[in-house]
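>>> model this:
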Amino acid sequence: MKTTLLTRLAPAIALVALVAAVSGCSVLDRTRAQVEYLAAQTYAPRPPDYPISLTKGDYQEPYTEIALIRTGFYDERHVEARGNAQLREVAREIGGDAVIGIARESQVVEAIDYQAGGLLRTGTEFEERIALTGTVVRFVRGGGR
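Sure thing, here's the model as predicted:
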């Protein structure tokens, strides 16, 4: 039986396509949080039910800044619920007690596969997406909390 070049290269082509698809998915995922660590020390994660305080302001209580965080980008309808949940989740994972200085960051993106009112009409639409940013802090308390 005679094999063609394409038949022999099919597994390699499939592997390259799979790698491209997987890496492309991570680039297009705008809902992933970004974390920039500020502290040299790492902390143990908090329990899943640990209460994380969120504030636009600051605290008088002494604290150590652990990291800067930016949530994924969401549309206006979901930014508060999903953004706040993501802030709390990441703060717990890195051992924080609170997120301070919360602000909104806006980004205008082009909608993909937007159809302007009909099955055969395709157009371009731009959408505003919003992320929440803040600083994860850990309170300095006696008693080793």
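>>> If you count neighbours, what's buried in whichever strand or helix holds G83?
Applying DSSP states H and E as the criterion places G83 in helix 79-93. Within helix 79-93, the residues that count as buried by 16 or more other CB atoms under 10 Å are V79, R82, G83, N84, Q86, L87, R88, V90, A91, R92. Quick note: C-beta positions are derived from backbone N, CA and C, even for glycine.
>>> pLDDT-wise, what's the bottom of the residues you listed?
The member of the buried residues of helix 79-93 with the lowest pLDDT is V79, at 89.
>>> does that one really touch T133, like I thought?
No: because the distance of 11.7 Å does not satisfy CB atoms under 8 Å, V79 is recorded as not touching T133.
>>> Please enumerate the shared neighbours of the two.
Contact criterion CB atoms under 8 Å, 6 or more residues apart in numbering; residues shared by V79 and T133: R104.
>>> returning to what we had before: which neighbouring elements make contact with the helix holding G83?
Secondary-structure packing of helix 79-93 (3 or more CB pairs under 8 Å, 6 or more residues apart in numbering; DSSP states H and E): strand 53-54, strand 63-70, strand 98-110, strand 126-139.
>>> Extract the CA atoms of the longest one and return them as PDB.
Presented in PDB, the C-alpha positions along strand 126-139 are these (Å, rounded to 0.1, in the frame of the first residue of the first chain):
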ATOM      1  CA  PHE A 126     -17.400  47.700  19.500                       C
ATOM      2  CA  GLU A 127     -18.100  46.800  23.100                       C
ATOM      3  CA  GLU A 128     -16.800  48.300  26.300                       C
ATOM      4  CA  ARG A 129     -15.500  45.700  28.700                       C
ATOM      5  CA  ILE A 130     -14.600  46.600  32.300                       C
ATOM      6  CA  ALA A 131     -12.100  45.000  34.700                       C
ATOM      7  CA  LEU A 132     -11.600  45.700  38.400                       C
ATOM      8  CA  THR A 133      -8.200  46.500  39.800                       C
ATOM      9  CA  GLY A 134      -6.900  46.700  43.300                       C
ATOM     10  CA  THR A 135      -4.200  45.900  45.800                       C
ATOM     11  CA  VAL A 136      -4.300  42.600  47.800                       C
ATOM     12  CA  VAL A 137      -3.200  43.300  51.400                       C
ATOM     13  CA  ARG A 138      -2.600  41.200  54.500                       C
ATOM     14  CA  PHE A 139      -3.100  42.800  57.900                       C
END
